[in-house]
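>>> Provided below for reference: sequence and predicted model.
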2 protein chains.
Amino acid sequence: MESTKERITYAALQLFAEKGYQTVTVKEIADKVNIKAPSLYKHFKNKQEIFTSCKDLFYHRMHEVHDQLHMPDSTRPAFAYQSATTQKIIEIAENLFEFYLTDEVAANFRKILLIERYHNKELNQMYEEIFIDGAIDYEEKVFAELVEQGAFKKTEPHLLAIKFYAPIYFLIQKYEQRTESIEEGKEALKQVIIEFCQLYSNKEG
Amino acid sequence: MESTKERITYAALQLFAEKGYQTVTVKEIADKVNIKAPSLYKHFKNKQEIFTSCKDLFYHRMHEVHDQLHMPDSTRPAFAYQSATTQKIIEIAENLFEFYLTDEVAANFRKILLIERYHNKELNQMYEEIFIDGAIDYEEKVFAELVEQGAFKKTEPHLLAIKFYAPIYFLIQKYEQRTESIEEGKEALKQVIIEFCQLYSNKEG
DNA sequence: GTCTATAGTTAGATAGAC
DNA sequence: GTCTATCTAACTATAGAC
C-alpha cells in the first residue's frame, strides 16, 4: 500500500531526473499520479516541498544501503576498515555500481544531483560528498589500511583510490542510459577490478 | 570585434551550462548582453535558435581543437595511429583534460550535454559519441596499435582504454566546479598516466 | 482528499516607433 | 538594430464546492 504522498514523490523523482526541477511542471507530476494538479497541494505545501521529499527519500535510502554495504558516508562515523579484504573491495565496487544504476531512488536522485549541481550550492556539495571527494576519501582509507596490513603493495593511497574508483564512476555514467545492458557493464567492471587487485595486492584474488 | 550575435551566443552558452536550457529566460540572456529581450529577436528567430548557435559554436571549436591535437572524433576520418608513442598519449590525456576544463566553449557545452542528455536523444547521442563510446573507441585503437607495435605489453585494448580514460573523465568532473585548483588536477592526472604507462609500456616514459 | 474555476505571475514572442 | 508596449500561453498556487 503506497500513500498518495509517496506516489507523488516517486513520480516527481522520475520526472526531475529526466528533465530537471524547473522544467517539470506540477501538472506533469499530477498526471503521472492520475490526479489533478491542485490536488497535489493537499499533500505538499508547494513544488519545492515535493523536491525536498525526494531528497529525504534518497538520503534515507542511501544511508540504509550504505550501512548495509559498509559504503562511503561522510555524515556517519567510520566503519571498521580493519575488516577490509581484497574480496571485500571487489564486492564494494560491484554493490556501488549496482545500487546507483538499478535502485530506482538512488539512480534517479544521482541524475538529479548531476543536473542541478551547477546552479545549486547545496546539491553540488551533496554530489561532491557522495560521488567525488567522499568516495575518494573512503577508498583512500580502505587502501591505506590494506597497505598497512600488508595485503596491498606499498602504493600512494590517493592515486590508488582514483585508479580504483574512476572506472566505477565512468561505467555508472556509461550504463545509466542503457540499463538493458547493465550485465555487460558489470562484467567490464569486474574485469577492471580484478586486474586492479592482481596489480596491487600481494595475495591472489 | 565581437558581433552582438556572438555576444548573445556566448552569454547563452554560460547561462545554459549553469541552469539548463529551460530554466534560462531570454531576458537573462539579454541582460547579460546589455540589451532588452525583444532585441534578441533581431538576431535569432527564437530561443531554440540561440541554443543551436551554441551547439554550432561548440562543434566548430571541437573539430578545430581535436584536429590540432589528433583527438577522438567519430565524425572524421581516422588519424595516423602509426605515429602513436607513449609520450604522445600522455600529451593527449593532458590536452583533453585541459581543453574540456579551460576552453570556455568546450567546458560550458560539455556541462550542457551532461544536463540535457537525459531528456534529449540527440544531445545524449552527442554526449556518448564525444565523452563515452567515442573516447573509448579512440583510445582502444591507439592501444591496439601500441600493442601491435610492441611499445605496449600485450593487453586487452578495451580494458586498457577504460583504465586510461576513466581517470581523465573522473578528474574533469572533479575539477570542473573548482577551476581555481586545476593545476592540482593536472598534477594528479599526470601521476596517474605516468604510472599507467610504467605498468603497460615496454619502454620507459 | 478530490475536483473545477480562477487568481496572479511570468515566460516567449510580436508590433511598431525611433 | 534598439527600444516600449503588448499579446498569448503556460505555470504555480489558492478558493471553495463536493
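Thanks, I have the structure now.
>>> run through the residues of chain A sitting next to chain B.
A:17-20, A:22-23, A:111, A:114-115, A:117-119, A:124, A:128, A:132-133, A:156, A:158-159, A:162-163, A:165-167, A:169-171, A:173-174, A:177, A:188, A:191-192, A:195, A:199 (Cβ under 8 Å from any Cβ of the partner chain). In this view, the C-beta of every residue, glycine as well, is placed from N, C-alpha and C.
>>> report the angle between the helix or strand harbouring residue A:163 and helix B:157-175.
Assessed by DSSP states H and E, residue A:163 sits inside helix A:157-175. Angle, helix A:157-175 to helix B:157-175, by axes from the mean of the first three to the mean of the last three Cα atoms, to 10 degrees: 100 degrees.
>>> which other helices and strands contact helix A:157-175?
Judged by 3 or more Cβ pairs under 8 Å, 6 or more residues apart in numbering or on different chains; DSSP states H and E, helix A:157-175 is in contact with helix A:86-102, helix A:133-149, helix A:182-200, helix B:157-175, helix B:182-200.
>>> most neighbours per residue, which of those?
Highest mean neighbour count of the helices and strands packed on helix A:157-175: helix B:157-175, a mean of 23 (counted as mean count of other Cβ atoms under 10 Å in any protein chain shown).
>>> quick one: name the residues of chain A near DNA strand C.
Counting by Cβ under 7 Å from any atom of the strand, chain A comes close to DNA strand C at A:4, A:30, A:34-36, A:38-39, A:42-43.
>>> at 10 Å what do you get?
A:3-5, A:7-8, A:22, A:27, A:30, A:33-43 (Cβ under 10 Å from any atom of the strand).
>>> in helices only, show me these.
In helices, judged by DSSP state H, the following of the residues of chain A next to DNA strand C are found: A:4-5, A:7-8, A:27, A:30, A:33, A:37-40.
>>> farthest-separated two in these?
A:5 and A:27 (17.9 Å; Cβ to Cβ).
>>> can you pull the domain assignment for chain A?
A:1-53, A:69-200 (automatic domain parsing).
>>> ranking these by mean pLDDT, which is last?
Within those, confidence is poorest for domain A:69-200, with a mean of 90 (mean pLDDT).
>>> that one close to DNA strand D?
No: between domain A:69-200 and DNA strand D, judged by Cβ under 10 Å from any atom of the strand, nothing touches; the nearest distance is 14.8 Å.
>>> which residues touch residue A:8?
A:29, A:33, A:40, A:43-44, A:50, A:53 (Cβ atoms under 8 Å, 6 or more residues apart in numbering or on different chains).
>>> looking at these, which is nearest DNA strand C?
Of all the contacts of residue A:8, DNA strand C sits closest to residue A:43, with 6.1 Å by Cβ to the nearest atom of the strand.
>>> what's the burial count for the closest residue to the closest one other than its chain neighbours?
Excluding its sequence neighbours, the residue lying closest to residue A:43 (Cβ to Cβ, 6 or more residues apart in numbering or on different chains) is residue A:5, at 4.6 Å. Counted with other Cβ atoms under 10 Å in any protein chain shown, the neighbours of residue A:5 add up to 15.
>>> contacting residues for residue A:5?
A:43-44, A:53 are the contacts of residue A:5 under Cβ under 8 Å, 6+ apart.
>>> other residues contacting stretch A:171-190?
Contact with stretch A:171-190 is made by A:90, A:93-94, A:97-98, A:100-102, A:107, A:110-111, A:167-168, B:117-118, B:124, B:128, B:132-133, B:158-159, B:162, B:166, B:169, as judged by Cβ under 8 Å, 6+ apart.
>>> can I get it in PDB, CA atoms only?
The C-alpha coordinates for stretch A:171-190 follow below in PDB (Å, rounded to 0.1, in the frame of the first residue of the first chain):
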ATOM      1  CA  LEU A 171      30.900   2.900 -16.000                       C
ATOM      2  CA  ILE A 172      28.000   4.200 -14.000                       C
ATOM      3  CA  GLN A 173      27.700   7.100 -16.300                       C
ATOM      4  CA  LYS A 174      28.100   4.900 -19.300                       C
ATOM      5  CA  TYR A 175      25.400   2.500 -18.400                       C
ATOM      6  CA  GLU A 176      22.900   4.800 -16.800                       C
ATOM      7  CA  GLN A 177      21.200   5.500 -20.100                       C
ATOM      8  CA  ARG A 178      21.200   1.800 -21.200                       C
ATOM      9  CA  THR A 179      20.000  -0.100 -18.200                       C
ATOM     10  CA  GLU A 180      19.200  -3.000 -20.500                       C
ATOM     11  CA  SER A 181      22.900  -3.700 -20.900                       C
ATOM     12  CA  ILE A 182      23.800  -3.500 -17.300                       C
ATOM     13  CA  GLU A 183      25.200  -7.000 -17.200                       C
ATOM     14  CA  GLU A 184      27.700  -6.000 -19.800                       C
ATOM     15  CA  GLY A 185      28.800  -3.100 -17.600                       C
ATOM     16  CA  LYS A 186      29.100  -5.300 -14.600                       C
ATOM     17  CA  GLU A 187      31.300  -7.700 -16.500                       C
ATOM     18  CA  ALA A 188      33.600  -4.900 -17.600                       C
ATOM     19  CA  LEU A 189      33.700  -3.600 -14.100                       C
ATOM     20  CA  LYS A 190      34.600  -7.000 -12.700                       C
END
